[in-house]
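Q: Quick one: sequence plus predicted model below, questions after.
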Amino acid sequence: MISTLQSTAELRAARAELRGMNLDFTDPRRAWLWRLLYRARFRAPLPPADPLKSWDVATALRVIETAHPDRATPILDMGCYNSEIVYALHALGYRSVHGCDLNPLARWMPYWHAVRYCCSDLTNTPYSDGSFGVLTCLSVIEHGVPLTALAAEVGRLLRPGGVFVFTTDFDSSGAPHAIDPEFRVYGQDWRIFDRAGFFEVIDLLGAHGLSLLDPGRVYLSHADRPVRWNGQEYTFVAASLVKTS
């Protein structure tokens, strides 16, 4: 299954969906005690969740609740620092939620009493083979992640029948994106995937036993490019794959 964000209205609708489920962590009053503890420890606030990621989070939650509704399913968010998906999964009652990120501050994110955070390279995590029924990786791979190594790690970590949901920055319009090679996000470079680059990621995952969860639902076209950041116009794409071998 592949889908693309079509409009700002769809982005707003996704936030409204999360708010209706009481899963809106863009509100700084949510997890206020954990935020207070974080501020006391680091003398700096933990930012609220990013509303621009509303569609990513809502899309991933729909896939997870459909494919793996069992709240005992072990789930890992790869690139978890201030990732709303972690908070939402915990709020939904999933009891084995994990997160890993290169940022060591991730270990002190909200709900660290229940969510198992670790500081780790996403391509070389400390977890054993087949540890997870679900992996998420939302708006991460565009930031300099070695894709071949990531695909191998995803294939290693997922158990048979496990699902991998990832989102990334995308533009299928063919418009050029001249990004300054010196520009850095989280200390990494940044790219906007086109169709060819995106399907290279799908092929890499396929080499490690993953295939599209619902191959009949592939929607890559988009009439608008509703995301505008750093002088670029683009959208988001989400892909859901299942470990078949």
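A: Ah, there it is. Numbering: from 1, shown residues only.
Q: which residue is nearest the middle of this structure?
A: residue 138 (1.4 Å; CA atoms, centre = their mean).
Q: Verify the contact between that residue and residue 57 for me.
A: Yes - here residue 138 reaches residue 57: they are 6.9 Å apart, a contact under CB atoms under 8 Å. C-beta coordinates here come from the backbone N, C-alpha and C atoms, glycine included.
Q: what is in contact with those two at once?
A: residue 85 (CB atoms under 8 Å, 6 or more residues apart in numbering).
Q: residue boundaries of the helices in this structure?
A: For the chain, applying DSSP state H gives helices covering 8-20, 32-42, 54-67, 84-91, 147-157, 195-206.
Q: deepest of these, which one?
A: Mean neighbours per residue, mean count of other CB atoms under 10 Å, is largest over the helices of the chain for helix 84-91, with a mean of 24.
Q: Output that helix as PDB, restricted to C-alpha atoms.
A: Taking Å, rounded to 0.1, in the frame of the first residue of the first chain, the C-alpha atoms of helix 84-91 are listed here in PDB:
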ATOM      1  CA  GLU A  84       4.200  11.500  18.000                       C
ATOM      2  CA  ILE A  85       3.600   7.900  16.900                       C
ATOM      3  CA  VAL A  86       5.300   6.700  20.000                       C
ATOM      4  CA  TYR A  87       3.000   8.700  22.300                       C
ATOM      5  CA  ALA A  88      -0.100   7.700  20.300                       C
ATOM      6  CA  LEU A  89       0.700   4.000  20.400                       C
ATOM      7  CA  HIS A  90       1.200   4.200  24.200                       C
ATOM      8  CA  ALA A  91      -2.100   6.000  24.600                       C
END
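Q: so what secondary structure elements neighbour that helix?
A: In terms of contacts (3 or more CB pairs under 8 Å, 6 or more residues apart in numbering; DSSP states H and E), helix 84-91 is packed against helix 54-67, strand 75-78, strand 97-101.
Q: Switch these over to TSV; also include distance to residue 230.
A: Below are these laid out as TSV (distance: least, CB to CB, whole Å):
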stretch	distance to residue 230
helix 54-67	18
strand 75-78	23
strand 97-101	22
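Q: which residues does residue 193 bridge with?
A: Here residue 193 sits in beta bridges with residue 170, as judged by DSSP bridges.
Q: need the contact list for it.
A: Residues near residue 193 by CB under 8 Å, 6+ apart: 142, 168-171, 201, 237.
Q: Same question for residue 223.
A: Counting by CB under 8 Å, 6+ apart, residue 223 has contacts 6-7.
Q: quick one, phi/psi of it?
A: Residue 223 adopts backbone torsions of phi -80, psi -30, taken as degrees, to the nearest 10.
Q: Look up how far residue 5 lies from it.
A: Distance, residue 223 to residue 5, by CB to CB, to the nearest Å: 11 Å.
Q: what do those two both touch?
A: With CB under 8 Å, 6+ apart as the test, residue 223 and residue 5 reach no residue in common.
Q: How much space separates residue 197 from residue 169?
A: The value you get for residue 197 to residue 169, if CB to CB is used, is 10 Å.
Q: what touches both of those two?
A: Common neighbours of residue 197 and residue 169 (criterion: CB under 8 Å, 6+ apart): residue 191.
Q: thinking residue 162 is in contact with residue 132, fair?
A: Yes - under the criterion of CB under 8 Å, residue 162 makes contact with residue 132 at 6.0 Å.
Q: Can you check the pLDDT for residue 186?
A: If you check residue 186, the pLDDT there is 68.
Q: likewise residue 245?
A: 79.
Q: For burial, what's the neighbour tally of it?
A: By other CB atoms under 10 Å, 8 other residues sit near residue 245.
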